[in-house]
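Asker: When you get a sec, could you give me coordinates for this:
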Amino acid sequence: MLRPLMIGLGLTLAAMPAHAQQAAPASVTSPDGRIAVTLMADNDGRPTYTVMRDGKPVIEPSHIGFLLADADPLTRNFRMTGSETGAVDSRWEQPWGERRFVRDHHRSLKARFQETSALGRVIEVEFRVFDDGVGFRTHLPQQPNLATANIAEEATEFVIAEPGTAWWIQGGDWNRYEQIYAKTPIDAVSTAHTPITMKLDGGLHLAFHEAALVDYSGMWFQRVERRRFRTTLSPGTGGGPKVVRAAPFHTPWRTIRIAEDAPGLYDNDLELNLNEPNKLGDVSWVVPHKYIGIWWEMHLDKWSWATGPKHGATTEHARGHIDFAAKHGFRGVLIEGWNKGWDGPWFGGNSDFSFTQGTPDFDFKAVTDYARAKGVRLIGHHETGGNIADYEAQLDAAMKLYADAGVDSVKTGYVADAGGIQAPNPAGGRNLFGWHDGQRMAQHHLKVVETAAKYRIAVNAHEPIKDTGLRRTYPNWVAREGARGMEYNAWGSPVNPAGHEATLVFTRMLSGPMDFTPGVLSLKGKGDIVLNSTLAKQLALYVVLYSPIQMAADLPENLAKYPRELEFIKAVPADWAETRMLSGVVGEHAVLARKDRKSNDWYLGGVTDDTARAPQLTLDFLDAGRDYTATIWRDGEGADFRTDARHAIAYETKRVRKGETLTIPMAPGGGFAVRLAAAR
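Answerer: Sure, this is the predicted structure:
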């Protein structure tokens, strides 16, 4: 219940007439007192907020509101009628993740704004302020003059107080999120997807995103003028309003991470803390793991998804991959192209996929039985071509088929150009077209995740809606793509630049786990296209780019050619007790330390761009009084991603203890991986 702000001698705003004096601004600070948020209605009656840090503006006065498709906008002529504050300091446990325990320490402010017009509509704005960032959302309560909100656009602003540099990808682009990040001045951004990361000229780092995107359109970050940005929502399905919601409801959280440096942006649980707790109960059946698959062969054009002489997903090929997985301890084998529907123009939802019927040369039962006998789990695959109308009609039967066969994880896919999602028409007739990050797809992905949970299946979505921390609420949503991954290195269109991964760490990876599919030890794509990577960097990616599922993407025969590297891939965990970033600069380099959840071992990974570096790492995170054996895989003499020496690698072993330092050189386009095995 909102407490009315007190004015004068006990008179409350709740009791004041509409023309009465505007309430004083309401404020709240972070627990450490460094970040301050103020809420007010400005002279035009616009709900307005500011964010300060150490007394200096971070976000200058910025408006909050909505444009409606069928009514006057909710933007001005409001007065603040009450507010309340609160505080939380708690700790919660992740079933899997980059750290086992997460602290939720914040102070909150919630204010009520009411129109002074005859409509008298009400909105409520809620802020939660942490030591390392801010989250806010808008509530639309149940009310007679706004029973249903048909939102044409959200008018929430972010006026950035200082010039600086931005790393971003284009929002609304045909290729979804699968783009190379641009580095530009802040005032040169157009419309960006989130997360978008910025470094202000004074050194402060910011990252803008959203949390708990449920039954709402994804937010694009549109620059209006200079450094004033506005929330722009992904278009609605069939050309209708961008969001249709019956009151009461609230928007997703709009989030701002705030840090002194780039590592501070990464070591941050803001979006997770703004999501609801686990709704699924016992999720011990969600098992972090590593896998191989019938996948890279198709990108190399060695095999095909379609049936015929090059068909990859045959019973024979599957058994071969299962044998390799069993021999080397990989839990999973992904098999793409096993089901009917790949023969023809399936791209963009133009083919009828069956999610329960295999091709004539793939015996689903025989393969799943064979895998089970070998101690290996098949990873299911549901490519929809963006046709969610077909997929939703088969969804329950498809998940039941997998569950009955012991398949406990599935990779979904939505390969269609932006705007090419085909959704069922509620009125009947032809499918409606929509966007990958529109409200209809937000609904769809949760439908998939909830149906999968019913059958105890984990979901890894490709061509997805962006990650907004919902893995906390639905822990079977283990990973997703949502960025330019390894497959682009097969196609050469172009290959990912040498600094791509060091940029992803501070942009896309701020949103959550990515199925980047590392481990191409051959360093070659289709037609001998060369990756912008050294061999050591491929190992580093298992530590640097987090996912609770990690693929060894290369062909089994190529993995076998590098036995010492394969040993690291086999050993490195996919689930962590602690994570710390030791060093990093956006787009240049990143070094992370992660502790195994099942032992006292630590793993280090470092990647660099096209510049050689040698970071000095202080091992102050190790247990005092314990010896560790550091096994190091690093770039060898003369290694360079631009030369034939890209495979040069060196191996070292040394004893280390807490407080000592390691200096590990990284070649251009290179990296390193370290296992710190604790003395037993």
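Asker: So H444 belongs to a helix, correct?
Answerer: Yes: using DSSP: H, G, I helix; E, B strand; the rest coil, the assignment for H444 is a helix.
Asker: Spit out the contact partners of it.
Answerer: I388, E392, A423 (Cβ atoms under 8 Å, 6 or more residues apart in numbering). C-beta: built from backbone N, CA, C; applies to glycine.
Asker: Next, give phi and psi for the second one.
Answerer: Okay, so that is E392. Main-chain torsions, E392, degrees, to the nearest 10: phi -60, psi -30.
Asker: Report whether the expected contact of it with H445 is present.
Answerer: No: using Cβ atoms under 8 Å, E392 makes no contact with H445, being 11.2 Å away.
Asker: what about those two, which has more around it?
Answerer: H445 (25 against 16; other Cβ atoms under 10 Å).
Asker: Next up, the contacts around the more buried one.
Answerer: Each residue near H445 by Cβ under 8 Å, 6+ apart is listed here: A461, P464, I465, W477.
Asker: the helices in the stretch 1-150 of the chain, which residues?
Answerer: Taking DSSP state H, counting those that start in this stretch, the stretch 1-150 of the chain contains no helices at all.
Asker: Can you pull the poorly scored residue ranges out of it?
Answerer: Low-confidence segments of the stretch 1-150 of the chain (pLDDT under 70): 1-22.
Asker: For the contacts of H445, which two are the farthest from each other?
Answerer: Spanning the widest gap among the contacts of H445 are I465 and W477, at 10.7 Å by Cβ to Cβ.
Asker: what sits against the closest residue in space to A416 that isn't next to it in sequence?
Answerer: Of all residues not flanking A416 in the chain, G386 sits nearest, at 2.7 Å (Cβ to Cβ, 6 or more residues apart in numbering). Residues near G386 by Cβ under 8 Å, 6+ apart: G348, G349, Y414, V415, A416, G420, I421, Q422, H436, E463.
Asker: can you map out the strands along the stretch 451-600 of the chain?
Answerer: In the stretch 451-600 of the chain, the segments counted as strands under DSSP state E, counting those that start in this stretch are 458-461, 477-480, 549-551, 576-585, 589-596.
Asker: With P252 as the reference, name the closest of the ones you listed.
Answerer: Closest approach to P252 among those is made by strand 477-480 (15.6 Å; Cβ to Cβ).
Asker: which SSE is A207 in?
Answerer: Take DSSP states H and E as the rule and A207 turns out to sit in strand 205-211.
Asker: Can you list the strands that that strand pairs with?
Answerer: strand 196-200 (antiparallel), strand 253-259 (antiparallel) (DSSP bridges).
Asker: What helices and strands are in contact with the helix or strand following that strand?
Answerer: With elements assigned by DSSP H and E, the helix or strand that comes after strand 205-211 is strand 219-225. If you count contacts as 3 or more Cβ pairs under 8 Å, 6 or more residues apart in numbering; DSSP states H and E, strand 219-225 packs onto strand 191-192, strand 228-233.
Asker: and strand 219-225, which residues are buried?
Answerer: Neighbour-count burial for strand 219-225, with 16 or more other Cβ atoms under 10 Å as criterion, is recorded at M219, W220, F221, Q222, R223.
Asker: for stretch 348-359, same thing?
Answerer: G349, S351, F353, F355, G358, T359.
Asker: Give me the neighbour count for the nearest residue to the last one once chain neighbours are set aside.
Answerer: What sits nearest to T359 in space, not counting adjacent residues and going by Cβ to Cβ, 6+ apart, is T307, at 5.2 Å. Neighbour count of T307, defined by other Cβ under 10 Å: 18.
Asker: I figured T307 hits D343, correct?
Answerer: Yes: using Cβ under 8 Å, T307 is in contact with D343, at 5.7 Å.
Asker: For the strands paired with strand 205-211, give me TSV that also has mean pLDDT and mean neighbour count.
Answerer: Listed next are the strands paired with strand 205-211 as TSV, based on pLDDT from 0 to 100; neighbours: other Cβ atoms under 10 Å:
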stretch	mean pLDDT	mean neighbour count
strand 196-200	98	23
strand 253-259	99	24
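Asker: how about the buried residues of stretch 348-359 in a markdown table, adding secondary structure and distance to R440?
Answerer: Formatted as a markdown table, the buried residues of stretch 348-359 follow (DSSP: H, G, I helix; E, B strand; the rest coil; distance: Cβ to Cβ, whole Å):
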| residue | secondary structure | distance to R440 |
| --- | --- | --- |
| G349 | coil | 14 |
| S351 | coil | 21 |
| F353 | coil | 19 |
| F355 | coil | 20 |
| G358 | strand | 30 |
| T359 | coil | 30 |
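Asker: which pair in those residues spans the largest distance?
Answerer: Counting by Cβ to Cβ, the most remote pair of the buried residues of stretch 348-359 is G349 and G358, 20.9 Å apart.
Asker: Can you tell me which of the contacts of H445 is closest to R564?
Answerer: A461 (33.7 Å).
Asker: Contact partners for that closest one?
Answerer: So A461 contacts K411, T412, G413, Y414, H445, V448, W477, A479, R480, E481, G482 (Cβ under 8 Å, 6+ apart).
Asker: Please give the number of neighbouring residues around P615.
Answerer: Neighbours around P615, by other Cβ under 10 Å: 18.
Asker: how long is stretch 594-613 end to end?
Answerer: Length of stretch 594-613, first residue to last, Cα to Cα, to the nearest Å: 21 Å.
Asker: scratch that, stretch 83-103 is what I was asking about
Answerer: 26 Å.
Asker: Any idea how far that stretch is from the middle of the chain?
Answerer: Centroid separation between stretch 83-103 and its chain, computed with Cα atoms, centre = their mean, to the nearest Å, is 19 Å.
Asker: buried set for it?
Answerer: S83, E84, T85, Q94, P95, W96, G97, E98, R99, R100, V102.
Asker: among those, which two are most distant?
Answerer: S83 and W96 (38.0 Å).
Asker: Verify the stated contact: P31 with D131.
Answerer: Yes: look at P31 against D131 with Cβ under 8 Å: they come within range, at 5.8 Å.
Asker: that older thread, list just the nearest of the buried residues of stretch 348-359 to I59.
Answerer: Among the buried residues of stretch 348-359, G349 lies closest to I59 (Cβ to Cβ), at 40.5 Å.
Asker: Could you list which residues are in contact with the closest one?
Answerer: Counting by Cβ under 8 Å, 6+ apart, G349 touches T384, G385, G386, N387, D390, A416, G420, I421, Q422, N431.
Asker: what about 6 Å?
Answerer: G349 makes contact with G385, G386, N387, A416, Q422, according to Cβ atoms under 6 Å, 6 or more residues apart in numbering.
Asker: Quick check: end-to-end length of stretch 543-563?
Answerer: Termini of stretch 543-563 sit 19 Å apart (Cα to Cα).
Asker: tell me the mean pLDDT over it?
Answerer: If you average the pLDDT over stretch 543-563, you get 98.
Asker: Buried residues in that stretch, which are they?
Answerer: 543-556, 558-559, 562.
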